[in-house]
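# compute the structure for the input listed below.
(chains A and B)
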Amino acid sequence: MDLVLTKSDIGKLEEIISDQLLDSGAEHVVLTDLAGNLIVECGSLEMGDVFSLAAVSAANFAATAEIARLIGEKDFALLYHKGGKRNVHFSRLGNDYLIITLFNDNVSLGLIRLKLVSAINEMGIVFGGPEGKSSWHS
Amino acid sequence: MAFIDLSKNEIQAKIVYYGPGRGGKTTNLLYVHESMSRQVCGKMVTIDTRGDRTLFFDFLPLNIGKVLNMTIRIQLYTVPGQVMYNTTRKLVLRGVDGIVFVADSLKVQKNKNIESLDNLVQNLSDEGLPIGQVPLVLQYNKRDLVESNIPLLPVAELECDLNEGLNVPSFEASALSGKGVYETLREISKRTIRGVIQKVGGQITC
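I've put the predicted structure just below:
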């Protein structure tokens, strides 16, 4: 199913990302669909190749979901990579979207996860709102 | 699944190069990547095994200009051709907007081409997509070998094996030298964007 987002929808998504995640200390947030299309990116990092990040993250998420299926799980609740200076957290948004949150060690993983719950609820209204932009079955 | 961003007037669509292993899917993308300017073509990402066989996919983003005042961004992917990686192929096919089937012209690959096309039909069907509803172009690769002593399938035989029921555009190509690469890409881009605009055209003009 194709996704069409208006300027207002994109504005709302950016506002949610800013209020919930960037204000809580996340460095950069990328929203993509699970086909690898970049929807929105916000944050303070200079992302040289955000399209590749979106594509590889969607693939990584899909591959991990397949690992979960092979061991009898629907998917994994926590998908998180810890780096030396920067960490990345992946959250599924509904059935078709993915939030990629980049943050450093000044912010706790718990806070990011907590804020993501609120962000996902608010974004659900944008994606599955009265205009019915897309399927939303979280 | 195409994504249309009306705040940037941008359409993103996904084109997947499909076909049997060692048929030249990655070589198609490499040629495009090496011959296009960096303003048009992004960084190519390849996830392959030690033996240079595609393990997961290759990915190449392209910015190919404007249609109806919308910037068109195409994401090119390849799938791993080896039979055992079918789960990966299904993952990469998710949300596909257009497909290039790269057939291998070597005579010994005749059955592999047919099996791979059947596998594509099945994988699309599993996603609820009849092959007739997805923009598709065939490419008969390695035609440069016609001057060598290596036995090749005649184009008529490839058409009969692969395109009889589909009746889609087909192109002779040599991905190594670039012959037919852009013709294939141009045709699938045109068909894919036309398909996306037909599906969501009303919303774009809103």
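# how many neighbouring residues does residue B:116 have?
Neighbour count of residue B:116, defined by other Cβ atoms under 10 Å in any protein chain shown: 25. Every C-beta, even on glycine, is put in place using the N, C-alpha and C of the backbone.
# skipping adjacent residues, who's closest to it in space?
Nearest non-adjacent residue to residue B:116, counting by Cβ to Cβ, 6 or more residues apart in numbering or on different chains: residue B:20, 4.2 Å away.
# spell out the secondary structure type for the one you found.
Classification of residue B:20 using DSSP: H, G, I helix; E, B strand; the rest coil returns coil.
# number of nearby residues for it?
With other Cβ under 10 Å as criterion, residue B:20 counts 24.
# which stretches of the chain form strands?
By default, I'm working from chain A. Along chain A, counting by DSSP state E, strands occupy A:3-5, A:28-33, A:38-43, A:79-82, A:86-93, A:97-104.
# wrong one, chain B
Ranges of strands in chain B, per DSSP E, are B:3-5, B:10-18, B:45-48, B:54-67, B:70-78, B:98-104, B:136-141, B:170-172.
# Throw the ones you listed into TSV and include mean neighbour count, thanks.
Compiled in TSV, those are given as follows (neighbours: other Cβ atoms under 10 Å in any protein chain shown):
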stretch	mean neighbour count
strand B:3-5	24
strand B:10-18	25
strand B:45-48	17
strand B:54-67	20
strand B:70-78	22
strand B:98-104	27
strand B:136-141	26
strand B:170-172	20
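# to residue A:105, which of those strands lies closest?
Closest of the strands of chain B to residue A:105 is strand B:45-48, at 27.1 Å (criterion: Cβ to Cβ).
# check which helices and strands that closest one sits against.
Judged by 3 or more Cβ pairs under 8 Å, 6 or more residues apart in numbering or on different chains; DSSP states H and E, the packing partners of strand B:45-48 are helix A:50-70, strand B:54-67.
# touching the longest one from outside, list them.
Just to be clear, that refers to helix A:50-70. Residues outside helix A:50-70 that contact it (Cβ atoms under 8 Å, 6 or more residues apart in numbering or on different chains) are A:30, A:32-38, A:41, A:47, A:74-76, A:79, A:88, A:90, A:92, A:98, A:100, B:42-43, B:45, B:47, B:56-57, B:59, B:61, B:73, B:75, B:77, B:87-88, B:91-92, B:94.
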